[in-house]
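# fold the following, please.
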Amino acid sequence: MDRLKGKVAIISGGATGIGAAAARLFAAEGAAVGIIDRNVDAGQALAFDLVQQGRRAMFATADVSQKSQVDAAVAVVKAQLGPVNVLFNHAGTIVIKPFLETEEEDWDMLFDVNVKSMYLMTRAVLPMMLEQGKGSIVCTSSISAVYATPMEVLYDATKGACHMFARAIAVEFRDKGIRCNAVCPGFIETPHGLREVKELTALGVDASDTAIKAAQGRFGQPEDIARAALYLASDDAEFVTGTQLFVDGGFSAV
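As a prediction, the model looks like this:
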């Protein structure tokens, strides 16, 4: 349907899982896609595959918690694909530990990857959007921004920050043509999601197939989140900003 025709999109954490699904979908919908990730092998392979399909795509490596690397990667994308007008802030990770076993290093790392990365990516891309007078930012939050889980205090805190980051950007830049929204996945069948289930289970939290089915019907798939991000990124959502779209099979409706 070419819902992103003429757009230049950056996807952070775009090499695997939900990010990769979004890269494929955004490209299929007409966007030129810049994949930014620290997983060089997977990122390069995905970009190559998209180019072989006739899409405009490229990969730039960066640790998205480091300003110099973010700025350099964004500059490369702009030089090769043009000014960016869609940003999917997807990069993230998780720490699963009993709270009293967490260390300051865990806190710093998780906030750097999950929250600081959104600041750095948005700070790098937003001037291009303002110059064009239009842009859409999508941030990956989580059901964990609202629904607390034992052993995930640090992760839950980062996702709460993601929620408010998206809302505040939306309010500050609404009248300058910029939209910003958060997409909030439930349990998704990705390496990240499966690791979460395994580690929660090992710590005595019921994250069994039965429990997940009871909470949200089934495991979500990366494409479920990619389609939601596509909607928020596209002009179909031109009057949607500052919202949190839960994609969780009803987990948050109970």
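# show me where this protein has its helices.
For the chain, the helices defined by DSSP state H occupy 17-28, 40-52, 67-81, 104-111, 117-132, 153-173, 191-202, 209-216, 222-233.
# dump those helices to a markdown table, plus distance to Val183, mean neighbour count and mean pLDDT.
(Glycine included, C-beta is placed from N, CA and C.) Shown next, in a markdown table, are the helices of the chain (distance: least, CB to CB, whole Å; neighbours: other CB atoms under 10 Å; pLDDT from 0 to 100):
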| stretch | distance to Val183 | mean neighbour count | mean pLDDT |
| --- | --- | --- | --- |
| helix 17-28 | 9 | 25 | 98 |
| helix 40-52 | 20 | 17 | 98 |
| helix 67-81 | 21 | 17 | 98 |
| helix 104-111 | 19 | 14 | 98 |
| helix 117-132 | 13 | 20 | 98 |
| helix 153-173 | 9 | 19 | 98 |
| helix 191-202 | 15 | 16 | 93 |
| helix 209-216 | 15 | 15 | 95 |
| helix 222-233 | 5 | 23 | 98 |
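# OK, contacts around Arg55?
Arg55 makes contacts with Ala27, Ala28, Ala32, Val33, as judged by CB atoms under 8 Å, 6 or more residues apart in numbering.
# likewise Leu50?
Ala23, Arg24, Ala27, Val33, Ala57.
# swap in 10 Å and give it another go.
Going by CB atoms under 10 Å, 6 or more residues apart in numbering, Leu50 touches Ala23, Arg24, Phe26, Ala27, Ala28, Ala32, Val33, Ile35, Arg56, Ala57, Met58, Phe59.
# Ile35 too?
So Ile35 contacts 9-15, 19-20, 22-23, 26-27, 42-44, 46-47, 50, 57-61, 73, 77 (CB under 10 Å, 6+ apart).
# go again using 7 Å as the cut-off
Residues near Ile35 by CB atoms under 7 Å, 6 or more residues apart in numbering: Ile11, Gly14, Ala15, Ala23, Gly43, Leu46, Ala47, Ala57, Phe59.
# which one of the contacts of Arg55 is nearest Ala253?
Ala28 (30.1 Å; CB to CB).
# circling back: would you check which pair of the contacts of Leu50 lies furthest apart?
It's Ala28 and Phe59 that sit farthest apart of these, by CB to CB, at 17.3 Å.
# circling back: any idea which of the contacts of Ile35 is closest to Phe88?
Among the contacts of Ile35, and counting by CB to CB, the member closest to Phe88 is Ile11, at 4.5 Å.
# residues near the nearest residue to the closest one once chain neighbours are set aside, how many?
Nearest residue to Ile11 in three dimensions, chain neighbours excluded: Phe88, at 4.5 Å (CB to CB, 6 or more residues apart in numbering). By the other CB atoms under 10 Å criterion, the neighbourhood of Phe88 contains 30 residues.
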